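Asker: here is a sequence with its predicted model. Questions after.
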Amino acid sequence: MTPKINAELALARWRKSSHSGDEGACVEIATLPRKVGVRDSKDPGGPLLLFAPAAWAAFAAAPPHR
């Protein structure tokens, strides 16, 4: 990751998905200036995914897969 992305992530405000369960299987997202970050709440210092805002919007708008 670039130093700019790292700085943005350090200041990011992470929030849990409204679809996360209470069993600890939680996903958190953070909206950055040009990306949306997604991480596992049990491992906040671990790997994360970065999406372009349009890609995240398409993903979030998709119907749930059951």
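Answerer: That came in fine, so what should we check first?
Asker: phi, psi of the residue most central in space within the chain?
Answerer: When the chain is reduced to its mean C-alpha position, the nearest residue by CA atoms, centre = their mean turns out to be residue 38, at 1.9 Å. In terms of degrees, to the nearest 10, the main-chain angles of residue 38 are phi -130, psi 130.
Asker: give the contact list for it.
Answerer: Neighbour list for residue 38: 27-29, 48-51 [criterion: CB atoms under 8 Å, 6 or more residues apart in numbering]. For the C-beta atoms, the positions are set from N, CA and C on the backbone; glycine is no exception.
Asker: try 6 Å this time
Answerer: Neighbour list for residue 38: 29, 49 [criterion: CB atoms under 6 Å, 6 or more residues apart in numbering].
Asker: same check, this time on residue 53
Answerer: Contacts of residue 53 (CB under 6 Å, 6+ apart): residue 36.
Asker: that one and residue 66: what is the separation?
Answerer: Going from residue 53 to residue 66 by CB to CB, to the nearest Å gives 26 Å.
Asker: how about low-confidence regions in this structure?
Answerer: The model of the chain has pLDDT under 70 over residues 1-3, 19-24.
Asker: for it, just list every one of the strands.
Answerer: 15-16, 27-31, 36-40, 48-51 (DSSP state E).
Asker: just say which of those is most tucked in.
Answerer: Highest mean neighbour count among those (mean count of other CB atoms under 10 Å): strand 36-40, with a mean of 18.
Asker: what strands line up against that strand, and which way round?
Answerer: Paired strands of strand 36-40, with direction, are strand 27-31 (antiparallel), strand 48-51 (antiparallel) (DSSP bridges).
Asker: and it, how far out from the chain's middle?
Answerer: Distance of strand 36-40 from the chain centroid (CA atoms, centre = their mean, to the nearest Å) equals 2 Å.
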